[in-house]
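Asker: Below is the structure, and that's it, no one-letter string:
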C-alpha cells in the first residue's frame, strides 16, 4: 500500500480529517490541513494526526515520553524496513520471524494498549501477511494472532474483507481432481 | 546509558553526538547480532536508557533526549533517516550491490541541503538542532562532501558544526576513518538498508555536486601494506612446469581430488544443474591447478535405474542405447561450457560392476547387511514395482498435505517420504492406483555404522558448507535407519548374493562408487587416489546441490566406513542451494528456463555464461537466473569494468610505446594501488580456497575497478602530451596497468578460460601459478616485454536481444501464441531478405562473431519459419482458421477441429492439474465451438438469403433494377458477415436495411419481396 493511502486510513482510524495528502517532488508524503499548514514525512504526519485526535489510540500513543519515543521508532521502522522489506523475499522472511518473536510475549508493540505503532506496522505488513499460505500463517502464529486481533476492529479494517486465519483449512484437502 | 553498536557503524556517531549534546554519559558496547546473547536486538545502534528502555531509531532517540525543537526539526530528522541514510548506504555499497543510480539521487539530496542552508544558518532555522546533528553525522564518516562543488553554504555549515567543542570531543573518541556505511550490512538481519528503494523521481537538474567517493579507501592503506607491496613487486622468471600425462597424488604435497555430483543421464541439465555441480567443480579445479596443487577432476553420468528403463520403453530403444544417446548429449553440453574434466565417465562400465560388487561383499562380511521383507507398491497396469520416483500422492506429513509429493520426498515440506505411506498414491506413468506387495530386500545397517559416522562427521564437517552441516546434523539428530539397497529391476548392477540374482542395486548404493570406477577408467593407479598409502594426503572436494548432501555425507561414508579399507572420505562437501529461473522454477516439461543446449543456441559465448552463473551461484541462499541481470553484468562488469580497463591498458601500450611494456618506477600512488590490489588478491585466494566462487569474482572485479580508478585519476593520456618528466610518469602508469591486466588474466582463468587465453595471447604472456601462501602482486611483464595485438574481449548485450531471449525461454504461453501471430509466407520472405542483407553488412563490417552471431541466428530462425509457413500454407487455408471473421468456413471442418481439440483438452486435464497448462487449450476449444454455432446458422441462412432471380418487369428501368440488385447483393454480403460474428444487436439494423431494399426492388419490378426472408427463420 502506498504512503498516501496509509495516511488516509490511519487518519480515518483516529477520527481526524486527513486534509490533502499527496507526494512531493522527493516522493515524500505530505499533508496539508486546515490553515494551509503542510507537514512532510510519514512519521511526522502521524504525529500531527495524533495531536489532533481524541481517539483512544491517539491518547495511548502519548501517555509518556517513553511511549512516544517507542511509538515513533516503530513508525519509522515500518517506513524503513517493513514497507520496502516486504517486497524482498529474504528481508520479508526475517521481518515475519522477528515480529513473530516479538509478539510471543506481548499483545501490542508498545506497552499494553493499541498505539499508532500497531497501526503503522499493520498497514505496512498487510500485503505481506495477505500473501501467506495457511501453513505459513500457522508458522507465524503470534504475528497472526496480533494481526487478526487488529483486523477485526471496524476502525482498522474499514470495510475490507478480513484475511482468513482459520487454522482448520479444508482447501488443501478438498480440491477436486480435474479429469 | 549504553550504546550497542557494531564495528564501524556510522549511525553510532549520531548517538554519541546526541548524548554529548544532551549531557548524558554513555558507554559503547560493540556487539555481533549473530551472537545468541543479543538475539533480542533488532537494529544497531540501539540505545539502552538507564531505566532499561531500548530505542533503536536515532530520530526517536533525538526526540527523546532533546527537548521539542519544532516540527521543522522533526521533518529533517525523518528526512535524514529515511532518505539520506539509505541513499548513502546505496552509494557506498561495493561489489554486486553497488548502484550507479545512487550518486544522482544523493546529488539531489545534497542540493536540497545546500539550498536550505542558503536561506537559514541551520537546517531548522537560526539555531543548531538535533536535525543538524543527524545530517552532519551522516555526511561526515565517508567524507561525502570531499571534493564536492558548488555547495558553499553546505560546506560552511559543515565546518561550523564540526568546530563545535561537543563535536570535537566526540571525534576524539570516535575517529571518522573507522566508520563506513558498509558496516550497516551487519547492523540488522535485513542486510542493512539495501532493500529501501532509491526515490528516483527527484533528480531534477541537481547536476554533479559530489565526487565519486571510492578513492577514499586509499586513506585506509597502512605503511606495512605499502612496504609489503613494494617488496613483492619484483620479477621472477616463470619456471617451466612439465605437465604430467597422468595426475597422481604425491606424498608431502597438496593433493586435491574433486568430484561433481553425477548428473542423471536422462535429464537434460539446466543452468541450475550446471552451476550446482559441474561448473563449480571445474572453476575450483582450474583454480586448484593454477595454485600448483595435484588436482584431479572426475565426473560422469549416472545411468542405472528405472527412469532409464522407462525412457527406453518410451523411445523404443534398449536402456544401453538410451544411455549412449544421452551420454553424448551431456558430454557435448559440458564440452561447450568448457568444463575441463580429467575424466568424464559413466556408471555402466565393467569397472563399476566390479567395484560395487566387491564393496558389497566387504560390507556383507563386515556384518552390515540385513535381509528383510518389504512392502512395495506394484502397479498392476504397468506390471512392475514402482521405484520411489514413479509414485506420487498426497504428502502424509501432518500439516502439509501437498498433493504432488514424490515417493521419496515432498517438495513442499522437504521431508522424506516412504512411498508406501503416501495418501492416495498413483503411478506416475499410468495414473492408476498401485497395490502393496511384499518381496525380500537387502538393507544396509546404518544404525550400526552411526557411532563411527558421528566421530567422522565431528572431525570433518569444518570444511563443509553450512547447508551440508545442517542437513547432516538433522539426519543424525533424527537417528539413522536401515536403508534398502536392492531393487526389483533389470537395468542395474546385479546383486551377487544367493536368492537375489534377479535384483539389482539401488542407484544410490552404486552411483557414488562411480567416482571410484571412473578414476579407475582414468588410471590403473586409481587406488593411489581412493585408498592412498600412509604419508600421502588426499583432500576430497565434492560439489553438489543440497538435495544430494545426505548421500555424500551420511550414506556413502557409512558404507566406506563399514568397508573399512582406508578409503578417502570427503573433506569438503560443497553444496549449493537452488537456482531459480526469473523467480520461478526451471521446468523442462513446460519449457521454462534455459537448458544446457539452449545456452549454446543463444549465441552468447560460453565464457559469459560461466561468468554469470558463477556470479549468481546460489551460495548460502537460493538465487535467481535473470536475463536482465545477465545483460547487466555482461555490460557493466565485463564490458565496462574489466574489458574497458584491460583494453585501455593494452591499446595505450601498443599506440604509445610501440607494443613494448615500459619501465615501472613506483611512486606512492602506485604503492597504494598495489596495496589495495593485494587486499583483493588475498580476498580472492581466501575465497577460492574455500570454493566461495561468488566472492572470488567480487574480488577479481574489484582489482580491475581499482585499475580503472587509477587510470581515471592519473590520466596518462594527458601526461603523454606533457614534459619528459610527465611522459615518464605516463610510462609507469601504462607499464603498471599492463601488469595488472596480466594479473587479471590469471585471476580470470578459472572462470573464463577461453577469454583468459585470448588475453594471454594479447599480452604475449603465459599463465603464472598463483601463490596461495603469499598472495601479493608481482611484476609479471618486465620492461621491454613485447605485447601482442589488443582487441576488445567482450561484446555488449543489447536490451532488444535480451527481451527476445526472455520471450523465447519464458514458458509455454509464448510458444502457443506464436501460431496465431504467424505471418504470411510473403511477409516472411521479405523479412528473410532484409535480415540476410543486415547479416551480410555486419559480417563485412566486423569480424567479431559475438556481434553478428545473434543476427545470423535471427536469420536462421526466420528461414525456418518461412519453410513452415510454405508447408502449411495450402493446408491452413482449408483448415479452420482462428479468425472469427472468416465466415466461409465449412461446418464439417469446424466439427472435426472441435473433436480434435476436445481430445487434446481431455488428455491434458488427465495428465496435469496445472490449470495454467490446460486453460489456454480450453479457451481455444470454446472459441471453436462458438465459431461452429455461427457457421451452422450462416449455413442455414445461406440458401434462404441468396438473392432471388426475379423476372424484371418490362415497366421497370433496367438500370435502376441493376443498381438496386447490386446494392442488395452488397448488403446481403454484409449481413452474412455480421451474422457470423453472432451479436444480433449488431446485425439486426443491417437486416432491416436489406429488407427495405428488397421491398423497394419488389415494388419496382412487381415481383413479391425476396422469398423466405424473415419467414420460417428462427430468430435468436
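Answerer: Received the coordinates, thanks. Here the structure is a predicted model, which means the values were calculated and not measured.

Asker: in terms of contact, does residue B:774 touch residue B:231 like I think?
Answerer: No: if you go by CB atoms under 8 Å, residue B:774 and residue B:231 don't touch, sitting 10.3 Å apart. C-betas here are computed from N, CA, C, even on glycine.

Asker: Which residue of the two possesses the greater neighbour count?
Answerer: Counting neighbours by other CB atoms under 10 Å in any protein chain shown for residue B:774 and for residue B:231 shows that residue B:774 has the greater number, 12 against 9.

Asker: got a list of what that one touches?
Answerer: Shown in contact with residue B:774 (CB atoms under 8 Å, 6 or more residues apart in numbering or on different chains): residue B:232.

Asker: Buried residues, the helix or strand containing residue B:679. List them.
Answerer: Taking DSSP states H and E as the definition, residue B:679 sits inside helix B:668-689. Neighbour-count burial for helix B:668-689 flags B:669-681, B:683-685, B:687-688 (criterion: 16 or more other CB atoms under 10 Å in any protein chain shown).

Asker: How far away from the center of its chain is stretch A:71-82?
Answerer: Per CA atoms, centre = their mean, to the nearest Å, the displacement of stretch A:71-82 from the mean C-alpha position of its chain is 10 Å.

Asker: same check, this time on stretch B:696-710
Answerer: 22 Å.

Asker: now swap in stretch B:736-748 and tell me
Answerer: With CA atoms, centre = their mean, you get 27 Å for stretch B:736-748.

Asker: same check, this time on stretch B:349-363
Answerer: 39 Å.

Asker: again, but for stretch B:283-292
Answerer: The chain centroid and the centroid of stretch B:283-292 are separated by 24 Å under CA atoms, centre = their mean.

Asker: got the buried residues for that stretch?
Answerer: Applying 16+ other CB under 10 Å to stretch B:283-292 flags B:283, B:284, B:285, B:286, B:287, B:288, B:289, B:290, B:291 as buried.

Asker: Contact partners for the last one?
Answerer: By CB under 8 Å, 6+ apart, the contact set of residue B:291 is B:685, B:688, B:769, B:770, B:771, B:772.

Asker: What pLDDT is listed against it?
Answerer: Per-residue pLDDT puts residue B:291 at 92.

Asker: same thing with the fifth one?
Answerer: Reading off the confidence values, residue B:287 has pLDDT 96.

Asker: Export the contacts of residue B:291 to a markdown table and append columns for distance to residue B:360 and pLDDT.
Answerer: Listed next are those as a markdown table, based on distance: CB to CB, whole Å; pLDDT from 0 to 100:
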| residue | distance to residue B:360 | pLDDT |
| --- | --- | --- |
| B:685 | 42 | 95 |
| B:688 | 38 | 94 |
| B:769 | 43 | 89 |
| B:770 | 42 | 90 |
| B:771 | 45 | 89 |
| B:772 | 40 | 89 |
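
Asker: okay if I get the residues you listed as JSON lines plus distance to chain A?
Answerer: Shown next, in JSON lines, are the contacts of residue B:291 (distance: CB to the nearest CB, whole Å):
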{"residue": "B:685", "distance to chain A": "29"}
{"residue": "B:688", "distance to chain A": "25"}
{"residue": "B:769", "distance to chain A": "39"}
{"residue": "B:770", "distance to chain A": "33"}
{"residue": "B:771", "distance to chain A": "37"}
{"residue": "B:772", "distance to chain A": "33"}
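
Asker: Leaving out chain neighbours, which residue sits closest to residue B:59?
Answerer: Of all residues not flanking residue B:59 in the chain, residue B:77 sits nearest, at 4.1 Å (CB to CB, 6 or more residues apart in numbering or on different chains).

Asker: Now for chain B, the helix or strand with the poorest mean pLDDT.
Answerer: Every helix and strand of chain B was ranked by mean pLDDT, DSSP states H and E. The lowest is helix B:812-820, at a mean of 39.

Asker: in what helix or strand does residue B:272 lie?
Answerer: Per DSSP H and E: helix B:271-273 holds residue B:272.

Asker: Summarise which helices and strands the helix or strand just after that helix is packed against.
Answerer: Sequence order places helix B:279-290 as the next helix or strand after helix B:271-273, per DSSP H and E. Applying 3 or more CB pairs under 8 Å, 6 or more residues apart in numbering or on different chains; DSSP states H and E, we find helix B:279-290 packed against strand B:255-260, strand B:294-301, strand B:538-545, strand B:570-576, helix B:606-615, helix B:693-714.

Asker: contacts for the first one?
Answerer: By CB under 8 Å, 6+ apart, the surrounding residues in contact with strand B:255-260 are B:249, B:277-278, B:280-282, B:284-285, B:288, B:293-299, B:515, B:529, B:532, B:536-544, B:568.

Asker: Now the buried members of the residues you listed.
Answerer: The neighbour-count test (16+ other CB under 10 Å) marks B:249, B:277-278, B:280-282, B:284-285, B:288, B:293-299, B:515, B:529, B:532, B:536, B:538-544, B:568 as buried among the contacts of strand B:255-260.

Asker: how far away is the residue most central in space within chain A from chain B?
Answerer: The residue lying closest to the centre of chain A (CA atoms, centre = their mean) is residue A:122, at 1.9 Å. From residue A:122 over to chain B the distance is 18 Å, taken as CB to the nearest CB, to the nearest Å.

Asker: any idea which element that residue lies in?
Answerer: Assigned by DSSP H and E, residue A:122 falls in helix A:116-130.

Asker: Could I get the average pLDDT for that helix?
Answerer: So the average pLDDT for helix A:116-130 ends up being 95.

Asker: where do the helices sit along the stretch 701-850 of chain B?
Answerer: B:716-719, B:724-748, B:753-763, B:799-808, B:812-820, B:825-845, B:849-878 (DSSP state H, counting those that start in this stretch).

Asker: least reliable of those helices going by mean pLDDT?
Answerer: helix B:812-820 (a mean of 39).

Asker: Now do residue 79: how many residues are near it, please.
Answerer: Just going to use chain A. Neighbours of residue A:79 (other CB under 10 Å): 23.

Asker: Chain B is the one I meant
Answerer: Count around residue B:79 with other CB under 10 Å applied: 24.

Asker: Enumerate the residues of the stretch 401-550 of chain B near chain A.
Answerer: Neighbours of chain A within the stretch 401-550 of chain B, by CB under 8 Å from any CB of the partner chain: B:401, B:403.

Asker: do that again at 10 Å, thanks
Answerer: B:401, B:402, B:403, B:412, B:413, B:423, B:424, B:426, B:431 (CB under 10 Å from any CB of the partner chain).

Asker: pretty sure the third one contacts residue B:423?
Answerer: Yes: with contacts defined as CB atoms under 10 Å, residue B:403 counts as touching residue B:423 at a distance of 9.2 Å.
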